[in-house]
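Q: I'd like to go over a predicted model; first the sequence, then the structure.
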Amino acid sequence: MRKAPVVAAFALLVATGPDAQSRQQPIVSSATAILVDVVVRDRHGRPITDLTADDFRVFEDGVAQTVDSFTRVSRGTGIGIGVAFRSPSPPIAVAPSARPEGGVPQSAQDEATTAFVFDHLTAESLRLAQRATLDYVPKNGDSAVKVGVFATDPGVRVLQRYTTDRALVRRAVERVVPSGTSAADQQADRAEELMTRRRELQRQGDAAASQATGNSAVVAQNASGFGIRDAELRLIQSELNMLRSFDSLDRDVRGHDTTLALLAVIESLSFHPGRKTIVFFSEGLPASPVLSTRLDRVIEAANRSNITAYVVDAHGLRAASTTTAMRKEMQDFVDERFRQLASASDHTNQPLTMGFERVEDTMRLDSRTGLARLAEDTGGFLVDGTNNLRDAFRRIDEDSQFHYLLTYSPTDTNFDGKFRRIDVRATRPGARTFSRRGYRAVRMPAGARAGSHETAALALLAVSPLPNAFPITATGFSFPHPLRAGLTPVVVRVGTGALRFDVDARRGVYAGQLTVLVRLRDERGLEVDKVSQQYLLAGDAADLAAAKSGEILFYREIDLPPGVYTMEAMAFDAIAQRGSVRVSTLTVPPADPSVLALSSIVVVRRAEEVSDAPSDAATTAPFFVGRTLLYPNLGEPILKSEARELPFFFTVYGNVAGVKASVQLLRHGTPIADAPLPLPPATGTRVQHVGRLPIDMLPPGTYELRIRVSDGRHDATRAVYFTLRES
């Protein structure tokens with residue numbers, strides 16, 4: 001009964017361009033062996049070289065595991081030539097008679113790679129690091145250990161690719177340049193000046209108050225002095241508050257740059273077999289609340305690639321140690337408290353508890369905290385409080401030259417993406433073991449590599465049924481432009497209201513973290529492409545409500561050969577440790593510029609005028625119509641209470657002269673209306689069309705909008721489904 005009104009509505013369809021809008025691989029479980037390389041030392045720090053498989057116990061999350069393979073690895077040299085490891089009876093590498101799948105071939109065991117990383121070092125700290133490195137690395141010759149040199153300033157700069165030529169390594173170390181005076185040091189000096197001046201003013205005020213006791217004439221004489229001191233004290237406190245806020249921000253920025261650089265170096269090392277080592281020179285990596293998650297990702301990436309980090313605090317023998325800073329902060333807190341009790345006044349304009357929290361921060365956010373975590377959680381050690389680094393280098397060499405390799409197959413075969421702790425113990429009395437602390441249980445596609453933020457998202461594919469912790473929408477589109485026949489835009493939308501945010505009430509900030517990943521597999525199940533993005537969400541706690549009312553729109557353009565693909569879209573909330581997966585099918589048509597081609601039909605969610613449209617918008621940018629950017633609907637229901645019309649968009653490619661189009665509306669597979677669709681003039685080899693479909697007379701339900709184009713010789717048809725709701 002509604003067919004006639006619908007047909008009449010179709011006759012009103014408008015097609016006038018932007019003006020109209022303004023009205024892999026298969027998952028396998030064979031590689032399950034976990035590899036752990038272990039260094040064992042006695043109570044005096046000397047390497048223990050004669051242990052057997054029976055001397056080791058391996059635990060995963062407290063559960064005993066069976067050691068499948070055991071290997072003792074001994075090399076002749078390390079970073080420095082002629083510093084060969086020696087023992088009365090040097091052990092040889094011993095592989096088990098039956099190596100389980102996932103074990104390491106002997107050729108890979110004999111290799112070793114080291115990365116020197118110099119991180120944002122001031123001139124004095126850099127001199128210490130360079131002198132120590134150059135004193136240890138010989139002036140010429142080769143070694144079996146490959147060494148690369150990197151600098152962060154910010155980002156990561158490759159000064160020397162991995163090489164065995166020690167002369168090249170030395171020249172690269174000499175090319176590292178200082179990053180200038182540390183902003184943290186400048187702020188600390190200024191804060192010390194302000195606190196010294198504050199104590200001086202307070203002493204003057206106390207003396208003046210003592211003289212004025214009971215003497216009204218003295219009180220009147222010193223009245224102006226009291227006012228001036230009070231005003232200056234307030235200004236000093238205001239600047240101190242500002243410096244402390246800047247200090248927190250500066251820690252976050254420096255830590256962000258450093259963690260990105262470390263991830264890049266870890267990725268470069270992950271391609272190398274054998275023992276992999278990072279020697280990291282830094283003035284500090286504070287583990288602030290915002291950076292804690294990022295540091296976790298760095299450690300996880302290193303552990304996943306079996307990389308050991310040795311960290312050198314390049315401050316050496318500090319003129320002012322962090323314990324001194326803590327004592328000063330504590331003494332200042334105590335003095336301030338006594339002064340407030342004595343005078344019943346407060347110049348800080350802050351709760352008293354914030355003073356104690358600053359003392360706690362000085363201990364918890366000591367710049368060495370992050371350095372120690374990075375070293376210890378990857379099986380290395382932290383070198384601090386010394387200018388003599390030769391012993392540290394010798395120990396790093398010893399670890400590289402002799403260590404044990406163990407593999408085991410986890411008894412827990414549920415690879416759910418959670419972090420599992422590894423504890424390796426040696427039964428010999430007095431023996432200390434050094435190894436990575438754990439790994440994230442992800443069953444990766446065979447031969448695939450993943451970035452540090454991708455592992456947990458990929459783990460969602462191993463969960464059955466596929467998780468659906470919060471709503472996400474995802475769609476792949478096809479725009480077969482003659483210049484990019486396989487152009488495939490991929491869009492994922494996630495509402496931030498479903499995410500979990502950590503709120504630091506003391507600092508007044510929030511933090512969240514989301515990873516969006518899309519993987520495309522062909523008809524054989526092989527991975528053909530994978531794209532991802534990590535979103536770090538942070539801001540003032542007062543703005544948390546606004547942050548929860550937004551959305552994250554992930555967009556990538558992929559070029560694919562013709563075929564039918566499975567698109568797997570994943571969103572993982574790292575704070576809540578949960579995620580959602582959407583699986584759909586995507587078809588890329590055969591590429592033939594001489595044949596008429598039709599893009600996907602796009603239901604338009606909203607449009608935005610963009611003043612700085614990309615230069616290629618007139619050619620290949622799929623969602624631009626002139627300067628209008630069209631945002632696609634990804635399958636969300638259309639509410640009739642909010643919209644009387646349904647905007648839609650498509651592009652025709654090829655020989656578009658004289659091309660004709662028609663539109664058809666179907667429900668439950670049955671046509672309910674059809675009409676010719678006038679197209680705008682062609683632009684080159686394409687025609688872009690934006691139209692509007694009246695929906696106010698359509699009942700709620702699911703519909704199919706089908707577009708057909710023809711040039712008299714070739715036809716092309718595409719369709720899109722949409723759902724209408726009343727409200």
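A: Good, I have the coordinates. This is a predicted model, so every value here is computed, not measured.
Q: where's the residue nearest to Phe381 when sequence neighbours are not counted relative to Phe56, distance?
A: Taking CB to CB, 6 or more residues apart in numbering, and ignoring the residues beside it in sequence, Phe381 has Ala375 as its nearest neighbour in space, at 5.4 Å. Quick note: C-beta positions are derived from backbone N, CA and C, even for glycine. Counting by CB to CB, to the nearest Å, the gap from Ala375 to Phe56 is 22 Å.
Q: Check which helices and strands the strand or helix carrying the residue nearest to Phe381 is in contact with.
A: When elements are assigned from DSSP states H and E, Ala375 belongs to helix 367-377. In this structure, helix 367-377 packs against strand 275-282, helix 289-304, strand 307-313, strand 382-383, with contacts taken as 3 or more CB pairs under 8 Å, 6 or more residues apart in numbering; DSSP states H and E.
Q: Let's see that with 7 Å instead.
A: Helix 367-377 sits against helix 289-304, strand 307-313, strand 382-383, with contacts defined as 3 or more CB pairs under 7 Å, 6 or more residues apart in numbering; DSSP states H and E.
Q: and those, which one's lowest on average pLDDT?
A: Between the helices and strands packed on helix 367-377, the lowest average pLDDT goes to helix 289-304, which shows a mean of 77.
Q: Straight-line length of stretch 383-395, end to end?
A: Looking at stretch 383-395, the gap from its leading to its trailing residue is 11 Å under the measure CA to CA, to the nearest Å.
Q: hey, where'd the helices end up in the stretch 151-300 of the chain?
A: Secondary structure of the stretch 151-300 of the chain (DSSP state H, counting those that start in this stretch): helices located at 166-174, 183-212, 216-221, 223-270, 289-304.
Q: weakest of those helices in terms of mean pLDDT?
A: Of all the helices of the stretch 151-300 of the chain, helix 216-221 has the smallest average pLDDT, which comes to a mean of 57.
Q: sorry, back to before: can you list the residues that contact the helix holding Ala375?
A: Outside helix 367-377, the residues within contact range by CB atoms under 7 Å, 6 or more residues apart in numbering are 282-287, 295, 298-299, 309-311, 313, 322, 381-382, 384, 437.
Q: Stretch 145-155 now?
A: Stretch 145-155 is contacted by residues 77-79, 112-120, 156-164, 169, 172-173, 176, 179, 257-258, 261, 265, 400 when judged by CB under 7 Å, 6+ apart.
Q: Of those residues, keep whichever come out buried.
A: Neighbour counting with 16 or more other CB atoms under 10 Å marks 77-79, 112-120, 156, 159-160, 162-163, 169, 172-173, 176, 179, 257-258, 261, 265, 400 as buried within the contacts of stretch 145-155.
Q: now the stretch 551-700 of the chain, which segments are flagged as low pLDDT?
A: Across the stretch 551-700 of the chain, the stretches falling below the confidence threshold (pLDDT under 70) are 612-620.
Q: what do you get if the cut-off is 90, keeping everything else the same?
A: With pLDDT under 90 as the threshold, the stretch 551-700 of the chain has low-confidence stretches at 574-577, 589-596, 608-621, 625-628, 641-644, 654-658, 680-686, 696.
Q: quick one: the strands in it?
A: In chain order, the stretch 551-700 of the chain shows strands spanning 551-559, 563-573, 578-588, 597-598, 602-609, 624-625, 628-632, 638-639, 645-653, 660-667, 670-676, 686-694, with DSSP state E, counting those that start in this stretch as the criterion.
Q: I'd guess Ala132 is in a helix, am I close?
A: Yes - secondary structure assignment places Ala132 in a helix (DSSP: H, G, I helix; E, B strand; the rest coil).
Q: ok, and the closest non-adjacent residue to it?
A: Excluding the flanking residues, the one nearest Ala132 by CB to CB, 6+ apart is Leu389, at 3.7 Å.
Q: How about the contacts made by Ala541?
A: Neighbouring residues of Ala541 by CB under 7 Å, 6+ apart: 503, 505, 508-510.
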